[in-house]
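> Here is my input; please provide its structure:
(chains A and B)
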Number of protein chains: 2
Amino acid sequence: MTISAEKVKELREKTGVGFMECKSALLESQGDLDLAVTILRKKGLSSLAKKSGRETKEGLIGSYVHNGKIGVMVEVNCESDFVARNADFQTLVHDIAMHIAASDPRFISKEDVTEDVLAQEREVYKAQARLTGKPENVLDKIVEGRMSKYYSEACLLEQPFVKDPNISVRELIAAYIQKIGENIQIRRFMRYKVGE
Amino acid sequence: MTISAEKVKELREKTGVGFMECKSALLESQGDLDLAVTILRKKGLSSLAKKSGRETKEGLIGSYVHNGKIGVMVEVNCESDFVARNADFQTLVHDIAMHIAASDPRFISKEDVTEDVLAQEREVYKAQARLTGKPENVLDKIVEGRMSKYYSEACLLEQPFVKDPNISVRELIAAYIQKIGENIQIRRFMRYKVGE
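Numbering: from 1, shown residues only, chains lettered A, B, ... in the order given. Predicted structure coming up:
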């Protein structure tokens, strides 16, 4: 049985566990994602899967102003004030604020993209794809591919992290959850540009 | 003829000119506000009255985070980037951000208070005033008095400036307009509190 890279990625995002462990868990579960999470948890590897359900009420407000002209404010939540005071967490909050200043996301996660925007993007991509003259069932695949590109441009969690474009912001946060041992969530952000 | 303190205050806010000059201009204009502005302008005193109509497209983004738990971001506009780089202007932007963190305004100016909120406040004050058993025409006066108190609590420009409660934020800005010689406007702000 072969496991798609996409599926391994999904499991990594869900658990924060490394590529090889995720792949082997998926092979063991025969591609069943929930079962793979359980397998990783049994091995004590996926603390993230448990943690991502936990309530986050503490945290920090971070801000970053670039040259007086672009400003960002972000609230990042964790579970305890103890962790909020932790230097690692403060670094994460600062890096996220700086990332937002540089990468200008419109939403936090895929789920936050509004129906209007989704419908509009799909329509544009479909119209563009039609110009290629390919059959309708292929068009849908093209559109889905373009949508996934849209998410990685518009959604903070899907964007490549500005200080290390090999990982997404979601993966950056997953790594901190593993390191710090508490659930971490970006609650809200705001980005101002002078005169916009 | 007597000139009410309220009227002098209104002219001061419109022009940024001192109390005595405003009062004498109002006496000369027999209480006509627009004419008083013209009188002050003829004397070269009210540069503010001219400046407040000028377009503001430049400016600065300021931010202030208190203890990691309360964060403010504000955009303050002026007319030129030259002024935006000026140390006085930067001080003003910083002071406004700090003021917002401390005083938690809901709106920038009276005009920004939504109809819903206005109607609701009026209703509450009217109900409270009725309990006093006073006649209806007196109630309206009480309600107006309470509304003016509401504005000074909820509107940034009407709030007493946190570093000098003898002046409002509007007066603070008027003083900077006089000093710097450009129109200045608070365009927008956002205040975050962890977990709220």
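> After the worst-scoring helix or strand of chain A on mean pLDDT, which helix or strand is next? Please name it.
Scoring the helices and strands of chain A by mean pLDDT, DSSP states H and E places helix A:47-51 at the bottom, with a mean of 64. Next along the chain after helix A:47-51, taking DSSP states H and E as the criterion, comes strand A:58-66.
> Following that following strand in sequence, what is the next regular element?
Per DSSP H and E, the first helix or strand lying C-terminal to strand A:58-66 is strand A:70-78.
> what about the helix or strand just after that following strand and chain B, any contact?
Using DSSP H and E, the helix or strand that follows strand A:70-78 in sequence is helix A:81-84. Yes: for helix A:81-84, a contact with chain B is found by C-beta under 8 Å from any C-beta of the partner chain, at residue A:84. Where you see a C-beta, it was placed from the backbone N, CA and C, and this is true even at glycine.
> Near the residue lying closest to residue A:1 once chain neighbours are set aside, how many other residues are there?
Excluding its sequence neighbours, the residue lying closest to residue A:1 (C-beta to C-beta, 6 or more residues apart in numbering or on different chains) is residue A:30, at 6.1 Å. Residue A:30: 10 surrounding residues under other C-beta atoms under 10 Å in any protein chain shown.
> Wait, a strand at residue A:30?
No: the assignment for residue A:30 (DSSP: H, G, I helix; E, B strand; the rest coil) gives coil, which keeps it out of a strand.
> Quick check: phi and psi at it.
Dihedral pair for residue A:30: phi 50, psi 40, per degrees, to the nearest 10.
> Which positions in stretch A:112-125 come out as buried?
Residues A:113, A:121, A:122, A:125 are the ones in stretch A:112-125 that count as buried (16 or more other C-beta atoms under 10 Å in any protein chain shown).
> Which residue ranges of chain A form helices?
For chain A, applying DSSP state H gives helices covering A:5-15, A:19-28, A:33-42, A:47-51, A:81-84, A:87-103, A:115-130, A:136-154, A:169-180.
> need these in a markdown table with distance to residue B:152, can you?
Shown next, in a markdown table, are those (distance: least, C-beta to C-beta, whole Å):
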| stretch | distance to residue B:152 |
| --- | --- |
| helix A:5-15 | 50 |
| helix A:19-28 | 59 |
| helix A:33-42 | 55 |
| helix A:47-51 | 46 |
| helix A:81-84 | 34 |
| helix A:87-103 | 33 |
| helix A:115-130 | 39 |
| helix A:136-154 | 41 |
| helix A:169-180 | 42 |
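> List the contacts of the closest residue to residue A:157 other than its chain neighbours.
Of all residues not flanking residue A:157 in the chain, residue A:170 sits nearest, at 4.1 Å (C-beta to C-beta, 6+ apart). For residue A:170, the contact set (C-beta atoms under 8 Å, 6 or more residues apart in numbering or on different chains) comprises A:13, A:157, A:158.
> ok, of these, which one's closest to chain B?
Chain B has its nearest neighbour among the contacts of residue A:170 in residue A:157, at 19.0 Å by C-beta to the nearest C-beta.
> Residue A:29 and chain B: what is the separation?
Counting by C-beta to the nearest C-beta, to the nearest Å, the gap from residue A:29 to chain B is 37 Å.
> Phi and psi next, for that residue.
phi -90, psi 0.
> isn't it right up against residue A:41?
No: using C-beta atoms under 8 Å, residue A:29 makes no contact with residue A:41, being 12.0 Å away.
> what residues does chain A put near chain B?
A:57-65, A:68-73, A:75, A:77, A:84-85, A:90, A:188, A:190, A:192-195.
> Which among the residues you listed count as buried?
For the residues of chain A next to chain B, a burial check counting by 16+ other C-beta under 10 Å picks out A:58-65, A:68-73, A:75, A:77, A:84, A:190, A:192, A:194.
> Report the contact partners of the closest residue in space to residue A:195 that isn't next to it in sequence.
Distances taken as C-beta to C-beta, 6+ apart put residue B:57 closest to residue A:195, at 4.9 Å, once the chain neighbours are dropped. Residues in contact with residue B:57 (C-beta under 8 Å, 6+ apart) are A:195, B:77, B:79.
> What sits closest to the last one if chain neighbours are left out?
Once its chain neighbours are removed from consideration, residue B:79 has its nearest residue in residue B:182; the separation is 4.3 Å (C-beta to C-beta, 6+ apart).
> Count residues in the vicinity of the one you found, would you?
21.
> pLDDT score assigned to it?
At residue B:182, the predicted lDDT confidence score is 90.
> Which residues are in contact with it?
Residues near residue B:182 by C-beta under 8 Å, 6+ apart: B:51, B:54, B:56, B:78, B:79, B:80, B:83.
> One more: residue A:108?
By C-beta under 8 Å, 6+ apart, the neighbours of residue A:108 are A:155, A:156, A:157, A:186, A:188, A:189.
> give me every residue that touches the third one.
So the one you mean is residue A:157. Contact analysis of residue A:157 by C-beta under 8 Å, 6+ apart lists A:108, A:109, A:110, A:168, A:169, A:170, A:173, A:186.
> Now a ChimeraX select for only the buried ones of these.
To isolate the buried members of the contacts of residue A:157 in ChimeraX, using 16+ other C-beta under 10 Å:
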select /A:108,109,110,168,169,170,173,186
